[in-house]
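Undergrad: sequence unknown, structure follows:
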Ligand SMILES: [Zn+2]
Ligand SMILES: [Zn+2]
């Protein structure tokens, strides 16, 4: 004996969500059926809508339902000549929340990873090069993650910038503000030392 | 700056799922947009379908899209005169997986909890009493959870059975098979001692 066919289908469908196995999927199905059918119908509708209408911004590749995202449409940002390159839309949000950057972005939607078949084209570098050619970018800030792949990707794009005589810089890595030295991994500490600044 | 309106709606909608906060909701939205739009459309469809068509079995109250669930429609189970009372559809599945029970079920969809306004009617005891009146039930097995509320609920139903001269028994609580005594809580151990059987 199992659950009814439709209930089994519902449980199975929830396992398409990351980190959701059969047990969590059961909990989700029962929770919605017992306590929040309205919320479930709402989720169903917005899910359908989002999958139909959200695509990549034509200019920066972040997710948006418009042709150009809010940031790309911002005239002062376009005039800044400043481009910050990040791996994901969540990274854009993180940088925006600092309120200390007011240029444009380019979202790679990943990083170079030859072993997974992810080369320059898969992360939109042909599109990025077109922007470099247009001549509106004066400076590039490489804000990919401080991982092996993120560093390799930053390095690759820095070379591209060099070809077009565009200044490229890498964000600093070091001890997080408020972090305690003894809990920081050695690699980060090495970065913190080599990136030291005179006071 | 935030995500686009539709993307924000999608993230917000995922938080209707139990145990899903804003961070997990973001991860779900990006995962589906980047990697599994087909799965997302499938989830959207089955979610809508399930919320529209899944209701309670007319006889046992478990979830089903039919008027009577599979188990209630089973003629031999109906003839058994045996009724197992559980708190949830998941409990039905757990008992079924033992392959050692072949009667019918009654699913309370909860337990008595006066503090939350959950009285006999909310857990279907009026409906259960009608079944007792019909005279087809000879024996009731009370398989509610071994919690304070589960015990109180079992006790309440046992009294009801008594009124209708129906045998009622409570499943045994004790040390789980394969469990080690030193890791068992005192309450369970007390049950195990008081429920001891002669060898
Ligand atoms: Zn954009
Ligand atoms: Zn039923």
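TA: Cool, the structure landed. None of the values given here were measured: they were computed from a predicted structure. Ligands and ions are numbered 1, 2, ... in the order given.

Undergrad: The residue nearest the centre of chain A and ligand 2, how far apart?
TA: Closest to where the C-alpha atoms of chain A average out (Cα atoms, centre = their mean) is residue A:88, at 0.7 Å. Here residue A:88 is placed at a distance of 47 Å from ligand 2 (Cβ to the ion, to the nearest Å). (C-beta placed from N, C-alpha, C; glycine too.)

Undergrad: and what of residue A:140?
TA: Note on residue A:140: its distance to ligand 2, by Cβ to the ion, is 64 Å.

Undergrad: Skipping its backbone neighbours, what lies nearest that residue in space?
TA: What sits nearest to residue A:140 in space, not counting adjacent residues and going by Cβ to Cβ, 6 or more residues apart in numbering or on different chains, is residue A:168, at 4.5 Å.

Undergrad: can you check residue A:162 too?
TA: The nearest residue in space to residue A:162 (Cβ to Cβ, 6+ apart) is residue A:168, at 7.2 Å.

Undergrad: What ranges does chain A have for its strands?
TA: A:55-56, A:63-64, A:82-86, A:104-107, A:139-142, A:167-170 (DSSP state E).

Undergrad: name the helices or strands packed onto the first one?
TA: So the one you mean is strand A:55-56. Contacts defined by 3 or more Cβ pairs under 8 Å, 6 or more residues apart in numbering or on different chains; DSSP states H and E place strand A:55-56 against strand A:63-64.

Undergrad: hmm, the strand it packs on touching ligand 1?
TA: No: judged by Cβ under 5 Å from the ion, strand A:63-64 stays clear of ligand 1, getting no closer than 6.5 Å.

Undergrad: re earlier: residues contacting the residue nearest to residue A:162?
TA: If a contact means Cβ atoms under 8 Å, 6 or more residues apart in numbering or on different chains, then residue A:168 has A:139, A:140, A:141, A:142, A:157, A:158, A:161, A:162 as its contacts.

Undergrad: Which members of the residues you listed are classed as buried?
TA: A:140, A:141, A:142, A:157, A:158, A:161 (16 or more other Cβ atoms under 10 Å in any protein chain shown).

Undergrad: And the fourth one, how close does it get to residue B:144?
TA: Computed with Cβ to Cβ, to the nearest Å, the distance linking residue A:157 and residue B:144 is 62 Å.

Undergrad: residue boundaries of the helices in chain A?
TA: A:5-14, A:22-35, A:37-53, A:70-73, A:75-79, A:89-97, A:125-134, A:148-163, A:186-194 (DSSP state H).

Undergrad: So for residue B:19, which of these sits nearest?
TA: helix A:22-35 (7.2 Å; Cβ to Cβ).

Undergrad: close to chain B, is the closest one?
TA: Yes: contact of helix A:22-35 with chain B (Cβ under 8 Å from any Cβ of the partner chain) involves A:24, A:26, A:27, A:28, A:29, A:30, A:31, A:32, A:33, A:34.

Undergrad: Tell me the most packed of the residues you listed, by neighbour count.
TA: Within these, residue A:29 tops the neighbour count with 27 neighbours, counted by other Cβ atoms under 10 Å in any protein chain shown.

Undergrad: for that one, what are its contacts?
TA: A:7, A:10, A:11, A:14, B:50.

Undergrad: In JSON lines: those, plus neighbour count, pLDDT and distance to residue B:73.
TA: Shown next, in JSON lines, are the contacts of residue A:29 (neighbours: other Cβ atoms under 10 Å in any protein chain shown; pLDDT from 0 to 100; distance: Cβ to Cβ, whole Å):
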{"residue": "A:7", "neighbour count": "23", "pLDDT": "97", "distance to residue B:73": "16"}
{"residue": "A:10", "neighbour count": "27", "pLDDT": "98", "distance to residue B:73": "21"}
{"residue": "A:11", "neighbour count": "23", "pLDDT": "97", "distance to residue B:73": "21"}
{"residue": "A:14", "neighbour count": "21", "pLDDT": "98", "distance to residue B:73": "27"}
{"residue": "B:50", "neighbour count": "24", "pLDDT": "98", "distance to residue B:73": "20"}
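
Undergrad: would you turn those residues into JSON lines with distance to ligand 2?
TA: Output for the contacts of residue A:29, formatted as JSON lines (distance: Cβ to the ion, whole Å):
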{"residue": "A:7", "distance to ligand 2": "13"}
{"residue": "A:10", "distance to ligand 2": "18"}
{"residue": "A:11", "distance to ligand 2": "18"}
{"residue": "A:14", "distance to ligand 2": "23"}
{"residue": "B:50", "distance to ligand 2": "17"}
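
Undergrad: what's the closest of the residues you listed to residue A:126?
TA: Once Cβ to Cβ is applied, the member of those that ends up nearest residue A:126 is residue A:14, at 37.3 Å.

Undergrad: Next up, the contacts around that closest one.
TA: Listed by Cβ under 8 Å, 6+ apart, the contact partners of residue A:14 are A:20, A:24, A:25, A:28, A:29, B:43.

Undergrad: hmm, 10 Å instead?
TA: Listed by Cβ atoms under 10 Å, 6 or more residues apart in numbering or on different chains, the contact set of residue A:14 reads A:20-22, A:24-29, A:32, B:17, B:43, B:46-47.

Undergrad: Closest one of the residues you listed to ligand 1?
TA: residue B:43 (27.6 Å; Cβ to the ion).

Undergrad: What residues does residue A:80 make contact with?
TA: Contacts of residue A:80 (Cβ under 10 Å, 6+ apart): A:74, A:101, A:102, A:103, A:104, A:136, A:137, A:138, A:139.

Undergrad: Check the gap between it and ligand 1 for me.
TA: 14 Å.

Undergrad: Please apply the same query to residue A:53.
TA: Here the criterion is Cβ to the ion. By it, residue A:53 lies 16 Å from ligand 1.
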